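model this:
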Amino acid sequence: MVYMHDVAEVHDGNAVQTNIVHVDGNRSVLLSVFKNGTTSTLEIVGGIKRMLQIIKPSLPDALDIKPIGDQSIFVRAAISGVVREGVIAAALTSLMILLFLAVRARR
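Numbers count the residues shown, from 1 in each chain. As a prediction, the model looks like this:
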């Protein structure tokens, strides 16, 4: 059995609940996980999803766990955008160098 205090620093940092959470019209419980330190957002979200798959069979069937506000989607999109722009920049730079070399070779 893995306890929360074995893998994280756990403390009650919130005030008493004064609101009610609804998801898809049903009363729900919201558990927010915040990252601190140098661990990657993608690693944290991946670890949470893996652990949910492991503990899911031991939970009651009526309990439905859904992620809301998954920041890893935006992080993956940002990484993908940076990689795509890097490839485009490398291709254009290579093309410009080849063009300059071709012009220089003709002289």
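
could I get the pLDDT score of the residue minimising distance to the centre of the chain?
Here the mean C-alpha position of the chain is nearest to the C-alpha of residue 72 (CA atoms, centre = their mean), at a distance of 1.6 Å. Residue 72 carries a pLDDT score of 89 in this model.

now residue 61
Reported pLDDT for residue 61: 87.

check contacts around the residue nearest to the centre of the chain.
Residue 72 is in contact with 41-42, 45-46, counting by CB atoms under 8 Å, 6 or more residues apart in numbering. Heads up, the C-betas are built off the backbone N, CA and C, glycines and all.

at 7 Å what do you get?
Residues in contact with residue 72 (CB atoms under 7 Å, 6 or more residues apart in numbering) are 41-42, 45.

low-confidence stretches in the protein?
The chain contains no residues with pLDDT under 70.

where along it do the strands fall?
Under the criterion DSSP state E, the chain contains strands at 21-23, 26-28.

mind checking the longest helix of the protein?
helix 72-106 (DSSP state H).

buried residues in that one?
By 16 or more other CB atoms under 10 Å, the buried positions in helix 72-106 come out as residue 72.

next: stretch 29-47.
Neighbour counts over stretch 29-47 (16+ other CB under 10 Å) mark 44-45 as buried.

now it - C-alpha only, CSV.
C-alpha atoms of stretch 29-47 as CSV (Å, rounded to 0.1, in the frame of the first residue of the first chain):
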residue,chain,number,x,y,z
VAL,A,29,-15.8,16.3,-5.2
LEU,A,30,-12.9,18.3,-6.6
LEU,A,31,-9.3,17.4,-5.8
SER,A,32,-6.8,19.9,-7.2
VAL,A,33,-3.1,18.8,-7.6
PHE,A,34,-0.6,21.6,-7.9
LYS,A,35,3.0,21.1,-9.1
ASN,A,36,6.0,22.6,-7.4
GLY,A,37,9.6,21.9,-7.7
THR,A,38,11.4,20.7,-10.8
THR,A,39,9.3,17.8,-11.8
SER,A,40,7.7,18.1,-15.2
THR,A,41,4.0,18.7,-15.6
LEU,A,42,3.8,15.8,-18.0
GLU,A,43,5.4,13.5,-15.5
ILE,A,44,3.1,14.5,-12.8
VAL,A,45,-0.1,14.1,-14.9
GLY,A,46,1.2,10.8,-16.3
GLY,A,47,1.9,9.5,-12.8
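
thank you, goodbye.
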